[in-house]
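A.B. asks: what would the 3D arrangement of this be:
(one chain, ligands or ions: 1)
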Amino acid sequence: MRISVIGCGYLGAVHAASMAELGHEVVGIDVDEPKIASLREARAPFYEPGFEELLQRTLATGRLRFSTDMSDASGAQVHFVCVGTPQKRGENAADLRYVEAATESLLQVLQAGELVAGKSTVPVGTAARLAEMVGEKVPGAILAWNPEFLREGFAVQDTLHPDRLVYGLPASGAAEVAERMLDEVYAPIVERGTPKVTADYATAEMVKTAANSFLATKISFINAMAELCEATGADVKLLADAIGYDDRIGRKFLNAGLGFGGGCLPKDIRAFMARAGELGADQALTFLREVDNINMRRRIRMVELTREVCDGSLLGKRVAVLGAAFKPDSDDIRDSPALNVAAQLQLQGAVVRVTDPAAIENSRRQWPQLDYADTAEEAADRADVVLVLTEWKQYLDLDPRAFGEVVAQKRVLDGRNALSRTAWTEAGWTYRALGRRAG
Ligand code: UDX
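C.D. replies: Predicted structure coming up:
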């Protein structure tokens, strides 16, 4: 099929290359010239394992192109809208200006019989509104909502092997046509029996925000338990293991620690609350405010714990922060808990050195006042305390004995409950973690 992908961020760039991998002829469009230039040269504009290889492979087939000109979307049978929906400045609601601008501009080239498939995470009700716009300007064109569930760090795998497909279809007779077209786009995925849910627009939009809210709630639940463990001397990691054996609960997303960040979960739960308020159903989601609060408290607790192990004062203390990205295998620092803690410590008088295998460049742009180092050893040189705030494999693999040679004080704070407490304590370190007794 001929496909256009509007918006080439994490979602769009990976989607465009993945659609070319499935055999389609794809054009990826974005207004950001440097991003398009980089994609054209098969250079990934962000860190995502496996993406650059996929890009090289699909560009070489000649089936994938990138452009800054919307007229290049002309003639595509399916147009995927993949632009960002960030949080509005000073408000909880989602900023829909990019979705609206992309759709407006797409309407200039859209033809009857073509399908617009929205993938961006939007407040419920958006698809119906956009469908009206499309119907008015281009009678005979169809709009569907087809949310995406990819995780950063696994974006390629999640796009080519999703665990489910969700189609939000129009109420009219166009639903069948839209479903057929999406089935053709995803043919190999559909044929291997991937579960598919066809629904109305509102349900499809809500699937995404409900899924992210559930995940955020699960993380904040275990972090609330961590607060209790801290008060009682219980161990949150053992607690998570034990409750996780119950199939109905499951162990995934029960890792207590510094909590969630990134470009999706925090802003999506806030936008969901804001939308519920507009719909007069705010009570239904007031628990998400608590989920957000629990999450934010973990960052404050981490700063307090650092002060505690530094004998009650952060002034002039040398703090090494290992990890700046909001999660491992990513260079994304949007709402990163690690950077948030690093900045708070610095503001409170500590001398903070941050390192990360992929996110230093992005971090330096956002927090130029922090000091950065290329390696964990360099960051920890003569440190009074080491904080592991993003669980990159290279930090979990550190040899605590050798690493102990570079620091001034062998104190480690495990912000993700991911290090081996035994290995570190046996090497003479004071080990502290959120929700667990001092080791
Ligand atoms: C998330 C959703 O998982 C994905 O389905 C959606 O499409 C986009 O948002 P992503 O933001 O890439 O994906 O990251 P995810 O793996 O969900 O992690 C989010 C945050 O939660 C990270 O900061 C991570 O460190 C934290 N987390 C995750 C925990 O604190 N504990 C856990 O047990 C799991």
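A.B. asks: okay, CA-based contacts and neighbour counts for the rest of this
C.D. replies: Noted.
A.B. asks: so who does Val388 touch?
C.D. replies: Val388 is in contact with Val321, Leu322, Gly323, Tyr395, Val412, Leu413, Asp414, Gly415, Arg416, counting by Cα atoms under 8 Å, 6 or more residues apart in numbering.
A.B. asks: and with 6 Å instead?
C.D. replies: Leu322, Asp414, Gly415 (Cα atoms under 6 Å, 6 or more residues apart in numbering).
A.B. asks: quick check, nearest of those to the ligand?
C.D. replies: Nearest to the ligand, judged by Cα to the nearest ligand atom, of the contacts of Val388 is Gly415 at 9.5 Å.
A.B. asks: the closest one and Val138: what is the separation?
C.D. replies: Noted for Gly415: a distance of 52 Å to Val138, by Cα to Cα, to the nearest Å.
A.B. asks: what are the buried residues along stretch 358-365?
C.D. replies: For stretch 358-365, burial by neighbour count (16 or more other Cα atoms under 10 Å) applies to Ala358, Ala359, Ile360, Asn362, Ser363.
A.B. asks: let's see which of those residues end up in helices.
C.D. replies: Ile360, Asn362, Ser363 (DSSP state H).
A.B. asks: now these in a markdown table, with pLDDT and distance to Gly404?
C.D. replies: Supplementary listing: these in a markdown table, determined by pLDDT from 0 to 100; distance: Cα to Cα, whole Å:
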| residue | pLDDT | distance to Gly404 |
| --- | --- | --- |
| Ile360 | 98 | 24 |
| Asn362 | 97 | 29 |
| Ser363 | 98 | 26 |
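A.B. asks: measure Lys252 to Thr390 for me?
C.D. replies: Counting by Cα to Cα - Lys252 and Thr390 are separated by 17 Å.
A.B. asks: more neighbours: which of those two?
C.D. replies: It is Thr390, of Lys252 and Thr390, that has more neighbours when counted by other Cα atoms under 10 Å, with 28 against 12.
A.B. asks: list the contacts for the nearest residue to that one once chain neighbours are set aside?
C.D. replies: Nearest residue to Thr390, sequence neighbours excluded (Cα to Cα, 6 or more residues apart in numbering): Gly323, at 4.4 Å. Listed by Cα under 6 Å, 6+ apart, the contact set of Gly323 reads Thr355, Asp356, Leu389, Thr390.
A.B. asks: any idea how far the ligand is from Ile219?
C.D. replies: Between Ile219 and the ligand the computed distance is 5 Å (Cα to the nearest ligand atom, to the nearest Å).
A.B. asks: which helix runs longest in this structure?
C.D. replies: Per DSSP H, the chain has its longest helix at helix 201-232.
A.B. asks: report the mean confidence score over that helix.
C.D. replies: When pLDDT is averaged over helix 201-232, the result is 98.
A.B. asks: list the buried residues of the helix or strand following that helix.
C.D. replies: Following helix 201-232 in sequence order, the next helix or strand is helix 236-244 (DSSP states H and E). By 16+ other Cα under 10 Å, the buried positions in helix 236-244 come out as Val236, Lys237, Leu239, Ala240, Gly244.
A.B. asks: tell me the one among these nearest to the ligand.
C.D. replies: Ala240 (9.8 Å).
A.B. asks: ok, for the closest one, nearest residue in space, not its chain neighbours?
C.D. replies: Leu254 (6.1 Å).
A.B. asks: alright, I will stop here.
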